[in-house]
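**Student:** Pasting the sequence and the predicted coordinates here, then a few questions.
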Amino acid sequence: MTDVFDVLAADHFEIAQMLSQLQTSTGQQSEGAAANGASRQELVDNLIIDASKHETAEKLQFWPAVRLRVRDGDRLARCAISQQGHLLELLAQLDMIEASEPEFSQLLDTFVPASLEHIAFEEEQVWPVLRRVLSPADSQDLGEKLIDAKKTAPMKPIQNTAKLRAR
């Protein structure tokens, strides 16, 4: 069994690794620019899947636990869910364009720092207070619920996607 913080930390690590790779590849101009674009597209496709599943699982399991267990949990959850909504909108936009389009890099330039800020918010502001109120058994149970939720979560951002396509 894995506790909630191990599950989330592993997700955050994977996402941060992909973000770092995307930042490294952004704006590189070389003979391999087409190959670089293809690898960036593949990275973003994987990021979309992982982040969509992660955010959905958090919304279904993690944030309700924070609201229930943490003093001021409702405010923390509202703030995080607002950040997540913005991130999902950016992912939906990234999903609709190719890595070779100029808007792709612009969206990444917005998405990467916003995503890192969201991760920092969770790890630095939410996790410490939740750790204090969860028993080890509750932490394990919530971790298992997150794992189960990710198994059935959508692989694409579904929040506001219809609105984005109308643009």
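**Tutor:** Happy to help now that I have it. Predicted model, so just to flag it, every value in this text is computed and none were measured. Numbers count the residues shown, from 1 in each chain.
**Student:** Ramachandran coordinates for Val70?
**Tutor:** Taking degrees, to the nearest 10, you get phi -100, psi 130 for the backbone angles of Val70.
**Student:** This structure: helices as residue ranges?
**Tutor:** 4-25, 33-57, 63-69, 73-95, 102-121, 127-133, 136-152, 161-166 (DSSP state H).
**Student:** Centroid-nearest residue for the protein?
**Tutor:** Ala51 (3.7 Å; C-alpha atoms, centre = their mean).
**Student:** how far away is it from Val4?
**Tutor:** As for Ala51, its distance to Val4 is 18 Å (criterion: C-beta to C-beta, to the nearest Å). C-betas here are computed from N, CA, C, even on glycine.
**Student:** and the nearest residue to Gln61 once chain neighbours are set aside, what pLDDT?
**Tutor:** Nearest-residue entry for Gln61: Lys145, 4.5 Å, with adjacent residues in sequence omitted and distances by C-beta to C-beta, 6 or more residues apart in numbering. Each residue has a pLDDT score; the one for Lys145 is 97.
**Student:** give me the number of residues near Lys145?
**Tutor:** Close neighbours of Lys145, defined as other C-beta atoms under 10 Å, add up to 18.
**Student:** and if you look at Arg69?
**Tutor:** 15.
**Student:** my guess is it meets Leu134, correct?
**Tutor:** Yes. The pair Arg69 / Leu134 is scored as a contact, 6.7 Å apart, by C-beta atoms under 8 Å.
**Student:** give me every residue that touches Leu19.
**Tutor:** Shown in contact with Leu19 (C-beta atoms under 8 Å, 6 or more residues apart in numbering): Leu47, Val112, Ser115, Leu116.
**Student:** Please list all residues in contact with Val4.
**Tutor:** Applying C-beta under 8 Å, 6+ apart, we find Val4 in contact with Phe62, Ala65, Leu130, Leu134, Ser139, Gln140, Leu142, Gly143, Leu146.
**Student:** how close does the first one get to Ala137?
**Tutor:** This points to Phe62. Distance, Phe62 to Ala137, using C-beta to C-beta: 17 Å.
**Student:** Which of those two has more residues huddled nearby?
**Tutor:** Phe62 (25 against 10).
**Student:** what's the nearest residue in space to that one that is not next to it in sequence in contact with, if anything?
**Tutor:** Leaving aside its chain neighbours, Phe62 sits nearest to Leu146 (6.4 Å; criterion: C-beta to C-beta, 6+ apart). Leu146 makes contact with Val4, Val7, Leu8, Ala57, Glu58, Gln61, Phe62, according to C-beta under 8 Å, 6+ apart.
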